[in-house]
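1. Next come a sequence and a model predicted from it.
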Amino acid sequence: MLIDPHAGFMEDGSRLIGAARHFAPAGTPPRHAHTRGQIAYCPDAVIQVAAGERLHVLAPGEAMWLPGGLPHRISARTARSALNLYLRPDVVPGLGGKAVALALGALERELVRTTAKASPSDRATPAFERLVDVLFDRLRPSPSAAPLGRTPSDPRLAAMHEHWLADEEDERDLAAWAERLALSTRTLQRRIHAATGLSFRLWRRQVRLLRAAEALLNGKPVKAAAMDAGYASTSAFVAAFREAFGVTPGALQRRQRD
């Protein structure tokens, strides 16, 4: 039997194979893909899911559908538990061919937890198959889209993106970044616009807002998140956040509590 080289499970032909793991703070496996589709759920931490060229920020209680073959990476700034379900390609429950956030209620969370921890002998039982049927019947895309950004495939731009996510206080301008990356300012701006559709300034602002979304979901007050993101006023931060993600910071935090 084949072993998935990234998740470590043994392929046995089951419709659904689960895996439960624990990651230390900042423990992040490298970008990878699975033959099977994946439902990724972290019940105890805010996570970033880089899927293809998209970056999603998910609160506890939200999961992510990742189609088979899609390169992705899941990370968190804190220790986290990971409950992952790997679905045979021919039984994907109508979730489509793109990464999408899933809203999990109490029943869905318990179904994910139970199936993720099921042993090979459990998976061979009719009771397990009935649990899978119920789970598949109840999986739905989240009615409220998670905060979403772009992760450039260009390695130099990806390095800038990762740096801004890690250090919100970096104020280097376009010229300084161009010098660091051994590019002309015009070439760097052209690459940024081709990858993101944005100028240097607007792209950096969007990345900082993504970091702010993560902080808000971790409980940081709106005013503190605004200051960390470089905004002189909370109202300007709220307006920019709503423009970027279609939801206010307060509404994002309330959605997590609902």
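-> Arrived safely.
2. quick one, phi/psi of the closest residue to Pro120 other than its chain neighbours?
-> The shortest distance from Pro120 to any residue other than its chain neighbours is 6.3 Å, reached at Asp12 (C-beta to C-beta, 6 or more residues apart in numbering). The way it works is simple: take the backbone N, C-alpha and C, and place the C-beta from them, glycine included. With angles defined as degrees, to the nearest 10, Asp12 sits at phi -130, psi 10.
3. Could you do Gly97 as well?
-> Recorded main-chain torsions at Gly97 are phi -100, psi 10, according to degrees, to the nearest 10.
4. nearest spatial neighbour of it, skipping sequence neighbours?
-> The spatial neighbour of Gly97 that comes closest, neighbours along the chain excluded (C-beta to C-beta, 6+ apart), is Pro67 at 5.2 Å.
5. Now do stretch 115-128: everything it contacts.
-> The set of residues external to stretch 115-128 that reach it, using C-beta atoms under 8 Å, 6 or more residues apart in numbering, is 10, 12, 14, 16-20, 41, 83-85, 131-132, 135.
6. if we go to 10 Å?
-> 9-10, 12-21, 39, 41, 81-86, 114, 129, 131-132, 134-135 (C-beta atoms under 10 Å, 6 or more residues apart in numbering).
7. Show only the entries of these found in strands.
-> By the criterion of DSSP state E, membership of these in strands covers 16-21, 39, 41, 81-86.
8. Just the buried subset of these, please.
-> Neighbour-count burial (16 or more other C-beta atoms under 10 Å) is assigned, among these, to Leu16, Ile17, Gly18, Ala19, Ile39, Tyr41, Ser81, Ala82, Leu83, Asn84, Leu85, Tyr86.
9. What segments of the stretch 101-250 of the chain are helices?
-> For the stretch 101-250 of the chain, the helices identified by DSSP state H, counting those that start in this stretch occupy 106-116, 120-123, 126-138, 155-166, 174-180, 185-196, 200-217, 222-228, 234-245, 249-257, in order along the chain.
10. okay, those, which one's buried deepest?
-> Each of these was scored by mean neighbour count; the highest is helix 200-217, a mean of 22, by mean count of other C-beta atoms under 10 Å.
11. in this protein, what spans have low per-residue confidence?
-> By pLDDT under 70, the low-scoring segments of the chain are 1, 144-146, 168, 256-258.
12. Three-state assignment for the one residue sitting closest to the centre of the chain, please.
-> Central residue of the chain (C-alpha atoms, centre = their mean): Val49, 2.0 Å from the mean position. Using DSSP: H, G, I helix; E, B strand; the rest coil, the secondary structure recorded for Val49 is strand.
13. Now for Leu58: which residues touch it?
-> In this structure, Leu58 makes contact with 40-42, 45-49, 64, 74, 76, 101-102, 142, 146-147, 214, 217, 256, judged by C-beta under 10 Å, 6+ apart.
14. wait, isn't the residue nearest to the centre of the chain in contact with Val57?
-> Yes. In this structure, Val49 sits in contact with Val57. The criterion is C-beta atoms under 10 Å, and the distance is 8.0 Å.
15. ok, back up a step: reformat the ones in strands among the contacts of stretch 115-128 as TSV; add distance to Ser235.
-> Putting the ones in strands among the contacts of stretch 115-128 into TSV (distance: C-beta to C-beta, whole Å) gives the following:
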residue	distance to Ser235
Leu16	47
Ile17	49
Gly18	45
Ala19	45
Ala20	43
Arg21	42
Ile39	38
Tyr41	35
Ser81	37
Ala82	38
Leu83	39
Asn84	40
Leu85	42
Tyr86	45
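16. with those in mind, which one is nearest to Gly94?
-> Ile39 (12.9 Å; C-beta to C-beta).
17. distance of the closest one from Ala166?
-> Taken as C-beta to C-beta, to the nearest Å, the spacing of Ile39 relative to Ala166 amounts to 28 Å.
18. tell me the SS of Val57?
-> Under three-state DSSP, the three-state class of Val57 is strand.
19. and it, bridged to which residues?
-> Per DSSP bridges, the residues bridged to Val57 are Gln48.
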